[in-house]
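1. next input, structure requested:
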Amino acid sequence: MNLTPIVLHFLSASLILAPTPSAENWPQWRGPAGDGISSETNLPTKWSDKDNLAWTFPLPGMGESTPAVWGDRIFLTCQDGDHIALFCISTDGKELWRKPVGPGGRTIRNNEGNGASASPSTDGKHVWVFVGSGELACYDFDGNETWKFNVQERYGKFNIQWGFHCTPLLDGDRLYLQLFHSGGHQLVALNKATGEEVWKVERKGGGHGENRESYASMVVYRKGDQAYLVAHGDDFATAHRLTDGSEIWRVGDLTIGNRQDLRFVASPAVSPDLIVIPSCKNGPVVAVKPEATGMITTGSPAEAWRLAKGTPDVPSPLIHDGLVYLCKEDGALVCLDAKTGEEKYTQRLHSSLYRASPVWADGNLYLTAKDGTMTVVKAGPKFEKIAENTLPDQFQASPAISGGRIYFHGFGALYAVGPAGK
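-> Numbering: from 1, shown residues only. Below is the predicted model:
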């Protein structure tokens, strides 16, 4: 009896029924775990506007939001006429829908930012979006509005020099807001399904002048059953319980002398065993033990280590595999030992302004300069540049990674780097 056709039949069936690798979603600004790390592999390391570019989607105006990607949908914000709009774009580069969220038009710091700075978040069923004028909205995947309100009308008018840019934090069934500006300092938890307030706390700080303003975004620390929020601004970083916003610890000595121009922009970085707190303007970098409690100042037992200077001013730190990476705004990449803070190397990447935060994927770091130069560096304690690539645009958004592609949101377009046909 010839079994070959039967064997081939079952082999074919098993291949059809076997699970195929699924793309990892990038649901919000710093990725699946809020740490800038992707588990995707076989990612491109070399590209240009003529090579290894799946597609380019022209945008009607400027924006700096990192795309959120879920399945075959990409969400981002940008200026669209007189409004900041939320775009839903398919992973084949086609517009599915767009919704005006709030008024736009204002740009800050020589065209460095506008009301489309905060990044969208998604859970695969809904998408949440926040714009600089204060509108906070929830839409379903078909673009239908679920709820919407203006944060300034509910929690007080923003008083902040360069506009409000903090990204809300989506975690579980909550959406968390950090509202730090010269007019007040509040942490708010919302029911993500309804927009209703779950809790609100006044967060005390110590800043004067511009120090009271924060452009950083909250992160959530999580290890096993332990989880808490880390907020950043007004001269301190603080940890807060998810249940009611009560304070667990706070880190001080983050400012320099009596200066009053020390607003925080870079956000803290979290890993299961370490939390790295940046400051601003080449100030301190502090590594905090996650089990910390109470007040933490220079030399406290709750510190793993502290550097007196060297913080990135805008790009957020990244922690991976026992190393801490700091990409400074002038393009210097610093690698530190996560346990001790010992410097492994400092290497200049490219002479340009860096605003995007680094991401780690497939054994490499991806670093984005404003002028469109993207450097790929092998992760590890020794510096090794894999590639330097360029795209013809300006970039301040951090990259998003999903489905074998890297998505870059430029001022003029969204770029899908990687294989076509997805």
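
2. contacts and neighbour counts: CA atoms only from here.
-> Fine.

3. surely Thr146 meets Tyr139?
-> Yes - taking contacts as C-alpha atoms under 8 Å, Thr146 lies within contact range of Tyr139: 5.2 Å.

4. please say which of these two ends up with more neighbours.
-> Between Thr146 and Tyr139, counted using other C-alpha atoms under 10 Å, the more crowded position is Tyr139 (19 against 15).

5. the more buried one contacts Asp123, doesn't it?
-> No - Tyr139 is beyond contact range of Asp123, at 11.2 Å (criterion: C-alpha under 8 Å).

6. host element of Cys88?
-> strand 83-90 (DSSP states H and E).

7. could you list every helix and strand in contact with that strand?
-> Judged by 3 or more C-alpha pairs under 8 Å, 6 or more residues apart in numbering; DSSP states H and E, strand 83-90 is in contact with strand 73-80, strand 95-103.

8. tell me how far the first one lies from the chain's centre.
-> Spelled out, that is strand 73-80. A distance of 15 Å separates the centroid of the chain from that of strand 73-80, by C-alpha atoms, centre = their mean, to the nearest Å.

9. which other residues reach it?
-> 59-69, 84-91, 100, 104-105, 115-117, 119-120, 127 (C-alpha atoms under 8 Å, 6 or more residues apart in numbering).

10. report the buried residues of it.
-> Within strand 73-80, the residues scored as buried using 16 or more other C-alpha atoms under 10 Å are 73-80.

11. take the host helix or strand of Arg154, keep the C-alpha atoms, and write them as CSV.
-> Using DSSP H and E, Arg154 falls within helix 151-155. The C-alpha trace of helix 151-155 is given here as CSV (Å, rounded to 0.1, in the frame of the first residue of the first chain):
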residue,chain,number,x,y,z
VAL,A,151,-9.5,67.5,31.5
GLN,A,152,-9.0,71.2,32.1
GLU,A,153,-12.7,71.7,32.7
ARG,A,154,-12.8,68.8,35.2
TYR,A,155,-9.5,69.2,37.0
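
12. buried by neighbour count: which residues of it qualify?
-> Per 16+ other C-alpha under 10 Å, helix 151-155 contains these buried residues: Val151.

13. average pLDDT for that helix?
-> The pLDDT scores in helix 151-155 average 98.

14. after that helix comes which helix or strand?
-> Helix 151-155 is succeeded, C-terminally, by strand 169-171 (DSSP H and E).

15. pull the contacting residues for the closest residue to Gly71 other than its chain neighbours.
-> Of all residues not flanking Gly71 in the chain, Asn25 sits nearest, at 6.5 Å (C-alpha to C-alpha, 6 or more residues apart in numbering). Shown in contact with Asn25 (C-alpha under 8 Å, 6+ apart): 31-32, 69-71, 401-403.

16. elements contacting the helix holding Arg154?
-> On a contact count with 3+ C-alpha pairs under 8 Å, 6+ apart, helix 151-155 meets no helix or strand.

17. what lies in contact with that helix?
-> 133-136, 158.

18. can you say which of the contacts of Asn25 are buried?
-> Buried among these (16+ other C-alpha under 10 Å): 31-32, 69-71, 401-403.

19. which of those fall in strands?
-> Counting by DSSP state E, the members of those that fall within strands are 69-70, 401-402.

20. make CSV out of those residues and add distance to Val377 and pLDDT.
-> Formatted as CSV, these follow (distance: C-alpha to C-alpha, whole Å; pLDDT from 0 to 100):
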residue, distance to Val377, pLDDT
Val69, 24, 98
Trp70, 27, 98
Ile401, 16, 98
Ser402, 19, 98
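
21. from the residues you listed, pick the one nearest Lys309.
-> Ile401 (31.4 Å; C-alpha to C-alpha).

22. ok now the helix holding Arg154, how far from the chain's centre?
-> 24 Å.

23. Val198: which of the helices and strands packed on strand 83-90 is closest?
-> strand 95-103 (23.5 Å).

24. could you pull out the buried residues of the closest one?
-> In strand 95-103, counting by 16+ other C-alpha under 10 Å, buried: 98-103.

25. ditto for stretch 316-328
-> Quick answer for stretch 316-328 (16+ other C-alpha under 10 Å): 316-320, 323-328.

26. what's the answer for stretch 337-352, then?
-> 337-338, 341, 344, 346, 349-350, 352.

27. circling back to that earlier point, of the buried residues of strand 95-103, closest to Gly252?
-> Nearest to Gly252 among these, counting by C-alpha to C-alpha, is Gly102 at 36.2 Å.

28. who's the closest one bridged to?
-> Assessed by DSSP bridges, Gly102 has beta-bridge partners Ile84.

29. with Phe264 instead?
-> Ser214.

30. and for Ile406?
-> Beta-bridge partners of Ile406, as defined by DSSP bridges: Ile401, Val417.

31. wait, Ile84 sits on Pro100?
-> Yes - the criterion here is C-alpha under 8 Å, and Ile84 meets it with Pro100 at 6.0 Å.

32. pLDDT and distance to Glu202 added to the buried residues of stretch 316-328, as CSV?
-> Below are those laid out as CSV (pLDDT from 0 to 100; distance: C-alpha to C-alpha, whole Å):
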residue, pLDDT, distance to Glu202
Ser316, 98, 25
Pro317, 98, 27
Leu318, 98, 29
Ile319, 98, 30
His320, 98, 33
Leu323, 98, 35
Val324, 98, 32
Tyr325, 98, 32
Leu326, 98, 31
Cys327, 98, 32
Lys328, 96, 32
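
33. and the furthest pair within the residues you listed?
-> So, these by C-alpha to C-alpha: farthest apart are His320 and Lys328, at 17.5 Å.
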